[in-house]
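Visitor: quick one, what's the 3D model for this:
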Amino acid sequence: MKFAPFLPLNRAGILDIKIEIPSMKNKIKGEQRKELSSMIEYLTIHPDVQYAMQNSIPIVVIESTIWLHGLPPKYAMSALKETFKIAEEEGAVPVVVMIANGSILVGVTPDIIQEALNSGQSVKVNVRDIPGALIRGVTAGTTVSATIFIAHLMKLPVVVTGGIGGVHRMAKKTFDISSDLYALAQYPVTIVSSGVKTILDVGATMEMLETLSVPVVGYNTDYLPCFYCHESPYKAPFRVNSLEELAEMVRIRNALKLPQSIMVANPIPKKDAISSTLMEEIVEKALMEAEDHRVQGKDVTPFLLERLHSITGGDTVRANMALIKENVRLGSQLARLITY
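Guide: Below you'll find the model as predicted:
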């Protein structure tokens, strides 16, 4: 299924989209239409997404900050197009969500991501920031927390990201804990990731996930992967060995109406992984630089990722692209299995 192009960015760097929003009323199934009616003025839904929802075609939602803030721009577009191709080969519609021009965009084309990158004006929003971003009309990528909120809002059950945000290593001093964790405890989707980002306090993040009753499931692994690293010293609380087992877990969660997301930890392939010992040394160095530069809040993660890219000579970027592709593949396969 091909995506029809949106209109381009205007000169202010904000997507200038003029789509007749009420037309979606006849494209979405009755139950979903009723639930979305009060929110329709804030949503711009791509025709392909409308069609897929109407016809029960599998959809995989992909976090947009991967492309707008996670990867260097010169790598982002090629990786995005490859992930779209992977999703389509697996029988799913790839759906990137972002915010622009006072609207939540559900389904954007690579051209729109390219325009947003070229503008240099894209910001990063979590679920807390969504109302403010809509009022201000900014162009924004959505973090894990914002993405799973939107996916849950749209009744789209599978989300893909690279790594989950969590408790930062300096949290005892800064109280910096990602809103991803609280969103995972509130919105029941299934998110496929490569575990917790390496730059974080992985142990504290796992403790927080346990406190919030978020199930963490190792996919064909006993140990939690850590983003660029194939595994960590931390055991995954649950393990599944097949897509069928994972799909059954999703069905049980839904049948019991449990409110939490299921966090699937899908290890980066060993051939693409970076040594955990080497990674730890590099992260400590980057953290010291962040403290020296007084980097705070939402700026910490992009700063650290850029420094890791520079220090490793691009190895972290190559690892990031590899794990995203594998996560999109698994997420698409899962979406196909639980949609039919």
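Visitor: any idea how far Lys257 is from Leu337?
Guide: Lys257 sits 21 Å away from Leu337, going by C-beta to C-beta, to the nearest Å. Every C-beta, even on glycine, is put in place using the N, C-alpha and C of the backbone.
Visitor: these two: which has the busier surroundings?
Guide: Set Lys257 next to Leu337 and count neighbours by other C-beta atoms under 10 Å: Leu337 wins out with 17 against 7.
Visitor: wait, doesn't Arg154 sit right on Val106?
Guide: Not quite, residue 154 is Met, not Arg. Yes. Look at Met154 against Val106 with C-beta atoms under 8 Å: they come within range, at 6.0 Å.
Visitor: show me whatever sits in contact with both of the two.
Guide: Shared contacts of Met154 and Val106, defined by C-beta atoms under 8 Å, 6 or more residues apart in numbering, are found at Ile45.
Visitor: how about the strands in the stretch 201-340 of the chain?
Guide: Assigned by DSSP state E, counting those that start in this stretch, the stretch 201-340 of the chain shows strands spanning 216-219, 238-240, 262-265.
Visitor: deepest in the core, which of those is it.
Guide: Most buried of the strands of the stretch 201-340 of the chain, by mean neighbour count (mean count of other C-beta atoms under 10 Å): strand 262-265, with a mean of 28.
Visitor: what's the offset of that one from the middle of its chain?
Guide: Relative to the centre of its chain, strand 262-265 is centred 12 Å away, using C-alpha atoms, centre = their mean, to the nearest Å.
Visitor: residues in contact with that strand?
Guide: Taking C-beta under 8 Å, 6+ apart as the rule, strand 262-265 contacts 164, 184, 188-195, 209, 214-219, 221, 224-225, 236, 246, 249-250, 253, 330, 334.
Visitor: just the buried ones from those?
Guide: Buried by 16 or more other C-beta atoms under 10 Å: 164, 184, 188-195, 209, 214-219, 221, 224-225, 236, 246, 249-250, 253, 330, 334, out of the contacts of strand 262-265.
Visitor: which parts of the lengthiest helix in the chain are buried?
Guide: Secondary structure of the chain per DSSP state H: the longest helix is helix 315-339. Residues of helix 315-339 classed as buried under the neighbour-count rule (16+ other C-beta under 10 Å) are 315-338.
Visitor: same check, this time on stretch 167-179
Guide: Judged by neighbour count (16+ other C-beta under 10 Å), stretch 167-179 contains these buried residues: Val167, His168, Arg169, Ala171, Asp176, Ile177, Ser178, Ser179.
Visitor: stretch 282-291 too?
Guide: Neighbour counts over stretch 282-291 (16+ other C-beta under 10 Å) mark Ile282, Val283, Ala286, Leu287, Ala290 as buried.
Visitor: mind listing the helices for this structure?
Guide: 30-36, 47-54, 65, 73-89, 110-119, 130-136, 144-153, 171-174, 179-184, 202-211, 243-255, 276-292, 300-311, 315-339.
Visitor: and the fifth one, what's its mean pLDDT?
Guide: On average, the pLDDT along helix 110-119 is 93.
Visitor: number of residues surrounding the spatially closest residue to Val49 that is not a sequence neighbour?
Guide: Setting aside the residues directly before and after it, Val49 is nearest to Gly107 in space (C-beta to C-beta, 6 or more residues apart in numbering), at 4.0 Å. Number of residues near Gly107 (other C-beta under 10 Å) recorded here: 25.
Visitor: is it true that Gly107 touches Met53?
Guide: No. Here Gly107 lies out of contact with Met53, judged by C-beta under 8 Å, at a distance of 10.2 Å.
Visitor: which residues does Ala92 contact?
Guide: Ala92 sits next to Ile57, Pro58, Ile59, Val60, Gly331, Ser332, Ala335, Arg336 when contact means C-beta under 8 Å, 6+ apart.
Visitor: ok, Ser310 next?
Guide: By C-beta under 8 Å, 6+ apart, the contact set of Ser310 is empty.
Visitor: show me what contacts Val167?
Guide: Asp176, Ile177, Ser178, Leu181, Leu200, Asp201, Ala204, Thr205, Met208.
Visitor: need the residues you listed in TSV (columns: distance to Ser261 and pLDDT).
Guide: Listed next are the contacts of Val167 as TSV, based on distance: C-beta to C-beta, whole Å; pLDDT from 0 to 100:
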residue	distance to Ser261	pLDDT
Asp176	21	89
Ile177	17	93
Ser178	14	94
Leu181	10	98
Leu200	18	93
Asp201	20	94
Ala204	19	96
Thr205	14	97
Met208	14	97
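Visitor: ok, those vs Ser119, which is closest?
Guide: For the contacts of Val167, the minimum distance to Ser119 (C-beta to C-beta) is 25.8 Å, reached by Ser178.
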